[in-house]
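> how would this look folded up:
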Amino acid sequence: MKISVLSCISLLLVFKLFSSSVGVLHGVPGSTLVIPCLPGQKQQSFAGAKITWKYNDSLVPDYPESSEQLKLSPDGFFLEISPVSVANEGEYECVIKQNDMEWQKVHIVQVDVSSSYILKVNEGSTVNLPCERPPSRKDQVHWYRYDKVMMNCTRKQLNPAETGEMEDGDRLEWLFGPFEKDVTITLYGVKMEDAGMYYCETAEEGRDRSNLNTIELIVEAVPTVLPYSCVGFMTPWESCQDETSRSWEAMLKESLNEFSMKLYAHLSQSQPMKNLLFSPISISGVLTHLLLGARGKTRRDMETALCLSHDFFCVHSEMKKLKLKLRDTLKMSPTPLNSLSHIPSLSHLRHEVE
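From the prediction side, this is the model:
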């Protein structure tokens, strides 16, 4: 009877030790995970001991030959995984041998890959809906779409075409394939009605459905781009047919006089308390040069502002002649003859003369 009781106690102890030798750790993609060989034990207690690590039955190289993602501390007590990815899921076994004793600990690392975010795209663009399958899951991944308006609050399973096998009318295909590690799908020619919630999920036999990624797709209308104002106007400015005609000079002088009076009236009203000295010819000269690149409505508006006739094509040649005539006159006169002045203190004299 004593032997049977001792046997039961021994079996319970063995079962307890075995069950406690397996631990489950959770990591987040992109983070750093540091695993101690024996959690709760002091590192100094195993100074000089032989410590080995295995990942899925493959030996992890000792420090400092550790891989880029799996790094061991100098004494081997800690294993660092950085950055964590779904490829790091699996069993990590640590074995400590010291003074004829051996400790074993198995860490099961699971990476929480499920994420949720918002993706905004313009109508008509091409977008990738990303999803990555953990290596521990082998079942086919399915994509679903949910839109409470279009689908009457139900989910619809999507059927992307195989990579490179799209037919006319198809807009959805696997980037690589449904059984690959990367199970991203590509949506071409995005439409406004494509907006909604998209789910990337996998379901292994005998297990509940597992969500890998949730994406809210928001489709925005393409901003309206105003047409370029010079579209369709490719011809140069009309040439002056007869530059020797004296009628052109008379037309230009008449336009300049009218432009000068309007400009004077506008400036004197906008700045009634300030002294102003300005040259209508200089201002009109600059504006007429802008006419060289103006077409259509812009050209007509500028001609109206400059008091020019819409069929007056010799404005540039006549402005050049006028500047040459005024050059010597402007040098001799202390106050340019082509300038107008507005002096508020003398405005009453002007009214008396008038």
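> any buried residues in the host helix or strand of residue 104, and which?
Assigning secondary structure by DSSP states H and E places residue 104 in strand 101-111. Residues of strand 101-111 classed as buried under the neighbour-count rule (16 or more other C-beta atoms under 10 Å) are 103, 105, 107, 109, 111. Glycine gets a C-beta too; all of them are placed from N, C-alpha and C.
> distance of the third one relative to residue 30?
So the one you mean is residue 107. In this view, residue 107 and residue 30 are 20 Å apart by C-beta to C-beta, to the nearest Å.
> equivalent analysis for the last one, please.
With distances defined as C-beta to C-beta, the gap from residue 111 to residue 30 amounts to 10 Å.
> joint contacts of the two?
When contacts are counted by C-beta atoms under 8 Å, 6 or more residues apart in numbering, residue 111 and residue 30 are jointly contacted by 84, 85.
> domains of the chain?
25-41+49-111, 115-220, 247-353 (automatic domain parsing).
> would you single out the least confident of the ones you listed?
Taking the average pLDDT of each of those, the minimum falls on domain 247-353, with a mean of 72.
> how far does that one sit from the chain's center?
Using C-alpha atoms, centre = their mean, to the nearest Å, the distance from the centre of domain 247-353 to the centre of the chain it belongs to is 50 Å.
> summarise which helices and strands the strand holding residue 104 is packed against.
Applying 3 or more C-beta pairs under 8 Å, 6 or more residues apart in numbering; DSSP states H and E, we find strand 101-111 packed against strand 22-27, strand 33-36, strand 90-98.
> list the neighbouring strands of the second one plus their orientation.
Under the criterion DSSP bridges, strand 33-36 sits next to strand 78-81 (antiparallel) in its sheet.
> same thing with the first one?
If you go by DSSP bridges, strand 22-27 pairs up with strand 101-111 (parallel).
> would you mind pulling the contact partners of the partner strand?
Contacts with strand 101-111, where a contact means C-beta under 8 Å, 6+ apart, come from 21-29, 33, 35, 37-39, 81, 84-86, 88-96, 134, 136.
> same question for stretch 166-183.
In this structure, residues lying in contact with stretch 166-183 by C-beta under 8 Å, 6+ apart are 86-87, 128, 130-133, 135, 140-142, 158-165, 184-189, 200, 212.
> what is the end-to-end distance of that stretch?
Across its full length, stretch 166-183 reaches 17 Å between end residues, using C-alpha to C-alpha, to the nearest Å.
> please renumber so the chain begins at 2
Sounds good: first residue 2 from here, last item stretch 167-184.
> helix, strand or coil for residue 304?
At residue 304, secondary structure determined by DSSP: H, G, I helix; E, B strand; the rest coil is helix.
> dump the residue contacts of it.
The contact partners of residue 304, taken as C-beta under 8 Å, 6+ apart, are 292, 310, 311, 313.
> kindly recompute the last result at 6 Å.
Going by C-beta atoms under 6 Å, 6 or more residues apart in numbering, residue 304 touches residue 311.
> now do the one 5 residues further on
When the contact criterion is C-beta under 6 Å, 6+ apart, the partners of residue 309 are 256, 316.
> quick one, phi psi at it?
phi -100, psi 150 (degrees, to the nearest 10).
> mind naming the longest helix for the chain?
Selection of the longest helix in the chain by residue count, based on DSSP state H, yields helix 248-271.
> circling back: would you reformat the helices and strands packed on strand 102-112 as TSV and include mean neighbour count and distance to residue 64?
Converted to TSV, the helices and strands packed on strand 102-112 look like this (neighbours: other C-beta atoms under 10 Å; distance: least, C-beta to C-beta, whole Å):
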stretch	mean neighbour count	distance to residue 64
strand 23-28	14	21
strand 34-37	16	14
strand 91-99	18	14
